[in-house]
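> Predicted model and sequence below, questions to follow.
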Amino acid sequence: MGKLMARTPLIAGNWKMNLDHLQAVAFVQKLHWTLKDAAHEDGSVEVALFPPFTDIRTVQTLIDADKIPFAFGAQDLSTKDSGAYTGEISGVFLSKLGCRYVIIGHSERRDYHHETDELVGEKVQAALRNGLVPVICVGETLEQREESGPTAVSVGQLEVALEGVSADADIVVAYEPVWAIGTGQVASPEQAQEVCGALRAVIADKLGADAAARTRILYGGSVKSGNIASFMREPDVDGALVGGASLVADEFAAIIRYQKHVGV
């Protein structure tokens, strides 16, 4: 089965806690300049940036002023829209800033901040009610993979995240095997396809065939320019959520240009 061409590939850069607002300006300008002749200019590849909260306004202003064709979003959001929640960031605020996306349930949030599947589901609802597209992250540790197999953990996480989500909701799913994030280890394209295919089946079961056909599923975990094309050949891999490599403009640009190396 070939990739459904209606799903525009999405290459997303998660900066995590890197780049202050001044560094963000330099990075976005360099990336845009490097990609002047790239496929994203004609809409065949979508580029999204996920800077730290303190950079979002700066990135938004630069993108709007220079008409740079990048989407942007936040790395997390609160389950609440307003109130006495010190340190939290409301989806209302992110929407007002022009964010299109928000990452939810990243493995680092699940691990360091003890976010449960149920909390992730609440954040998905918070994103959707504020007009944001949730990038729902799922993935297993090596221990979980050995105990439960390659798909069980991710499938279970996604099933909970999709509770109460309507069939017409705009969502993105990102499969990030925890054992491949920042370790230099990379899932094989076949391993990524196995899980991404199972995730698409969950979407079909929960939201229907049309939702499954249009929803983009990303792979993340030590993605680089040297391996992106092999993942993008897989029918259920529609892009990448890139971590460390998204902080180097030339390398991230090369990942975005993956179409030069894959027959799509």
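Everything's here; your move.
> Only C-alpha atoms from now on, for both contacts and neighbour counts.
OK.
> May I have the secondary structure class of the residue nearest to residue 159 when sequence neighbours are not counted?
What sits nearest to residue 159 in space, not counting adjacent residues and going by Cα to Cα, 6 or more residues apart in numbering, is residue 202, at 6.8 Å. Put simply, residue 202 is helix when judged by DSSP: H, G, I helix; E, B strand; the rest coil.
> any idea where the helices of this structure begin and end?
With DSSP state H as the criterion, the chain has helices at 21-34, 56-66, 91-96, 107-112, 117-129, 142-148, 152-161, 189-207, 209-214, 228-232, 249-256.
> one step back: spit out the contact partners of the residue nearest to residue 159.
155, 158-159 (Cα atoms under 8 Å, 6 or more residues apart in numbering).
> As TSV, the helices of the chain with distance to residue 46 and mean pLDDT would be great.
Below are those laid out as TSV (distance: least, Cα to Cα, whole Å; pLDDT from 0 to 100):
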stretch	distance to residue 46	mean pLDDT
helix 21-34	13	97
helix 56-66	14	97
helix 91-96	19	98
helix 107-112	23	96
helix 117-129	20	98
helix 142-148	31	92
helix 152-161	23	98
helix 189-207	19	98
helix 209-214	15	97
helix 228-232	14	96
helix 249-256	9	96
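> Can you tell me which of the ones you listed is nearest to residue 15?
Residue 15 lies closest, by Cα to Cα, to one member of these: helix 21-34, at 9.7 Å.
> Now do that closest one: everything it contacts.
So helix 21-34 is contacted by 51, 54-55, 58-59, 62, 68, 247, 249-250, 252-253 (Cα under 8 Å, 6+ apart).
> Residue 129: neighbour count?
When counting by other Cα atoms under 10 Å, one arrives at 13 neighbours for residue 129.
> gap between the residue nearest to residue 125 when sequence neighbours are not counted and residue 193?
If the residues on either side of it in the chain are set aside, residue 125 comes closest to residue 165, at 7.3 Å by Cα to Cα, 6+ apart. Residue 165 sits 24 Å away from residue 193, going by Cα to Cα, to the nearest Å.
> okay, these two: which has more neighbours?
With neighbours defined as other Cα under 10 Å, residue 165 and residue 193 compare such that residue 193 has more, 21 against 16.
> Could you pull up the residues touching the more buried one?
234-237.
> from the contacts of helix 21-34, which is closest to residue 80?
The closest of the contacts of helix 21-34, once distances to residue 80 are taken by Cα to Cα, is residue 54, at 19.5 Å.
> ok now do the closest one, which residues does it touch?
20-21.
> ok so, going back, next, format the helices of the chain as JSON lines and append distance to residue 183.
What follows is those, written out as JSON lines (distance: least, Cα to Cα, whole Å):
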{"stretch": "helix 21-34", "distance to residue 183": "24"}
{"stretch": "helix 56-66", "distance to residue 183": "28"}
{"stretch": "helix 91-96", "distance to residue 183": "31"}
{"stretch": "helix 107-112", "distance to residue 183": "14"}
{"stretch": "helix 117-129", "distance to residue 183": "24"}
{"stretch": "helix 142-148", "distance to residue 183": "12"}
{"stretch": "helix 152-161", "distance to residue 183": "19"}
{"stretch": "helix 189-207", "distance to residue 183": "16"}
{"stretch": "helix 209-214", "distance to residue 183": "31"}
{"stretch": "helix 228-232", "distance to residue 183": "16"}
{"stretch": "helix 249-256", "distance to residue 183": "18"}
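> so which of the ones you listed gets nearest residue 85?
That would be, of the helices of the chain and by Cα to Cα, helix 91-96, which comes in at 13.1 Å.
> Pull out the buried residues from the closest one.
Going by neighbour count (16 or more other Cα atoms under 10 Å), the buried part of helix 91-96 is 91-92, 94-95.
> Would you tell me which of the helices of the chain gets closest to residue 176?
helix 107-112 (7.8 Å).
> roughly how far apart are residue 58 and residue 20?
10 Å.
> for residue 167, same thing?
Distance of residue 167 to residue 20, computed by Cα to Cα: 38 Å.
> Repeat that for residue 165.
Taking Cα to Cα, one finds residue 165 at 35 Å from residue 20.
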